[in-house]
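# Got a sequence here, can you build the structure:
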Amino acid sequence: MADHYDVIVIGSGPGGASLAQRLAPTGKRILILERGEYLPRETDNWDARAVFVDNKYQADETWTDIDGKPFSPALHYCVGGNSKVYGAALLRLRERDFGEITHAGGVSPAWPLGYASFEKYYDEAEALFHVHGRRGEDPTEPPSTVAYPYAPVMHEAKVAELSDKLTDIGLKPFHLPLGILLDQKADGTATPTSTCIRCAYFDGFPCLLNGKADAQVLCIDPTLAAYPNVTLLTGAYASHLETDANGRRVTGVHVTRGGVEEVYSADTVVVACGALSSALLLLRSANAQHPAGLANGSDQVGRNYMRHEMSVVMAIMTHENPTVFQKTLAFSDYYFGSDDWEFPLGLVQMCATTHLDQIKAEVLPKWLEWLPDLPFDQIAKHSMDFWLQSEDLPRADNRVYYRDGKVHLDLVETNPEALVRLKRKLGDVLDTIGWPAKLITRPATLGQDIGLTGTAHQAGTCRFGTDPATSVLNLDCRAHEVDNLYVTDASFFPSIGAVNPTLTIIANALRVADIIKAGL
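Have a look, this model is predicted:
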């Protein structure tokens, strides 16, 4: 048996890293296990072909879908996890998202804890991840008595014009809350000493300058520098968790590192591998006391997988869009419904400018039919780019599991009509403001309409609740069936709302860290 620790954290993404940095000042011995290495800092970080076409930084894995077809999940195994390539849009779940909501596709269940249980942790999460925003602009924003820690990222001219036009027709666009290490001049440009330089390689790219507020930059590296009681092991794949004879405590974390099998132990074990990988780890950890998988007496581990109904849309217009840093605006006017539909639609936010290599890789002849005289580079210059997302609903048979030694991910769309109508609304809005556009879905970003390969916004595979028969975790995110096992990624979500989940992951990790700290 290798060295014993007070706390082992498996995974260095937002859920694991935020918890570890919170616990570090206790002086307790903390081990962070990360199956990947540090993501290389190299010029390919800002190469659209390397990132989006060649998928250079994605995990080299093949899973099987519900029809038995193989696919490559867009997972990233590295220090900081998927936050190394996320878009850093850090929004709170709406207060109503914590209650039961009826959608066209079914019911989004209520959380066992309400917004009030998370509010102060949202405040702290925004401070930890350098969130830039402005209170009061977003009409669906939940209450907070604390201002954003940083001023909003200012719009460039074309986005500012879009914001004004949306306001003119009665909508309420707002500055998208972003986790970013940006110091701005009065005109919004980066100061000479700002880490972020407002380049076109923010959303979906690793940041070559470490200007994105990711889990490595803001949690892992500062914690390791300041606290010698915290250890990070990279290249450390947690193969399974071992328990004592009665199955009530994890007594060993089995790790493969450098081709060598190692075992580590701790008084408290925290799993934060991402909703898909955390569920798989628990399923791999089946034993005599937990024959269906560790903490899986409810048969809920791996089930209720959610990841938003998502689409990246290029709006190709007749006028040029010279914007460089485009991801600064969103609108939520249709989040809970519209004048012509009673059900929630979702959130519209801007995303990164489309790069030429992405367009070349996504050959869509209808673009050329619509704009036959425009070459690829001109299409890029005439596009504005939007990320649309609607709520996905929990469904027990949407799940990740092992069969015949292979990973299977079964997914049936639960609420597709909402996304269809949200796209239509975007088109109507652009027509109304005098910017008619051809809306083209970008397939190579994360999959056509962000299909199964797109594992961004993964959630729900180990949901929390008060009833051990229908949930995996209790309200402290501790496993009902294992006394020293916690899960702090988005696995615990009983529903996902229609905002990006990362801020809620961070806030909950801070909440659970305080619970663990009280018992150390």
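
# pLDDT weak spots in the chain?
Counting by pLDDT under 70, the chain has low-confidence residues at 1-2, 356-376, 442-455.

# Helices of that one, start to end?
Applying DSSP state H to the chain gives helices spanning 14-23, 48, 119-128, 157-168, 215, 221-226, 275-284, 356-361, 365-370, 376-381, 416-432, 502-519.

# Ala490: what's its closest spatial neighbour, skipping adjacent residues?
In space, not counting the residues next to it along the chain, Ala490 is nearest to Ala459; the distance is 3.8 Å by C-beta to C-beta, 6 or more residues apart in numbering. Just so you know, the C-beta spots here come from the backbone N, C-alpha and C atoms, and that holds for glycine as well.

# coming back round to it: closest one to Glu141 among the helices of the chain?
Distance to Glu141, taken as C-beta to C-beta, is lowest for helix 119-128 among those, at 10.8 Å.

# packing partners for the closest one?
Packing contacts for helix 119-128, counted by 3 or more C-beta pairs under 8 Å, 6 or more residues apart in numbering; DSSP states H and E, involve helix 14-23, helix 502-519.

# As TSV, the helices of the chain with mean neighbour count and distance to Leu182 would be great.
Listed next are the helices of the chain as TSV, based on neighbours: other C-beta atoms under 10 Å; distance: least, C-beta to C-beta, whole Å:
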stretch	mean neighbour count	distance to Leu182
helix 14-23	30	19
helix 48	23	22
helix 119-128	20	15
helix 157-168	16	15
helix 215	31	18
helix 221-226	15	18
helix 275-284	25	29
helix 356-361	19	24
helix 365-370	12	33
helix 376-381	17	24
helix 416-432	18	27
helix 502-519	22	17
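
# Distance to Arg29 for these - can I get that in a markdown table?
Supplementary listing: the helices of the chain in a markdown table, determined by distance: least, C-beta to C-beta, whole Å:
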| stretch | distance to Arg29 |
| --- | --- |
| helix 14-23 | 10 |
| helix 48 | 43 |
| helix 119-128 | 23 |
| helix 157-168 | 48 |
| helix 215 | 21 |
| helix 221-226 | 13 |
| helix 275-284 | 22 |
| helix 356-361 | 45 |
| helix 365-370 | 57 |
| helix 376-381 | 51 |
| helix 416-432 | 47 |
| helix 502-519 | 14 |
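
# of all those, which lies closest to Ile180?
Nearest to Ile180, of all the helices of the chain, is helix 119-128, at 12.0 Å by C-beta to C-beta.

# How about residues contacting stretch 507-520?
In this structure, residues lying in contact with stretch 507-520 by C-beta atoms under 8 Å, 6 or more residues apart in numbering are 6-7, 14-16, 18-19, 22-23, 26, 28, 92, 117-118, 121-122, 124-125, 128, 267-268, 270, 272, 476-478, 486, 488, 492.

# switch to 7 Å and redo it
With C-beta atoms under 7 Å, 6 or more residues apart in numbering as the contact definition, stretch 507-520 has outside contacts at 6, 14-15, 18-19, 22-23, 26, 28, 118, 121-122, 124-125, 268, 476-477, 486, 488, 492.

# Centroid-nearest residue for this protein?
For the chain, the residue nearest the mean C-alpha position is His457 (4.1 Å; C-alpha atoms, centre = their mean).

# among the helices of the chain, which is nearest Arg403?
For the helices of the chain, proximity to Arg403 was assessed by C-beta to C-beta; helix 275-284 is nearest, at 10.6 Å.

# Could you figure out how far the closest one is turned away from helix 14-23?
Angular relation of helix 275-284 and helix 14-23 on a 0 to 180 degree scale: 80 degrees, by axes from the mean of the first three to the mean of the last three C-alpha atoms, to 10 degrees.

# Near the residue nearest to Phe174 when sequence neighbours are not counted, how many residues? Count them for me, please.
If you skip the residues right next to it in sequence, Phe174 has Glu137 as its closest partner in space, 3.5 Å away by C-beta to C-beta, 6+ apart. Here the count is done by other C-beta atoms under 10 Å, and Glu137 has 18 residues near it.

# roughly how far apart are Glu137 and Thr243?
Shown here: Glu137 relative to Thr243, a distance of 49 Å by C-beta to C-beta, to the nearest Å.

# Specify the angle between the longest strand anywhere in the chain and helix 14-23 in degrees.
Ranked by residue count under DSSP state E, the longest strand found in the chain is strand 260-271. If you take the same axes, to 10 degrees, strand 260-271 sits at 80 degrees to helix 14-23.

# helices and strands around strand 260-271, which ones?
If you count contacts as 3 or more C-beta pairs under 7 Å, 6 or more residues apart in numbering; DSSP states H and E, strand 260-271 packs onto strand 4-10, strand 250-257, strand 485-487.
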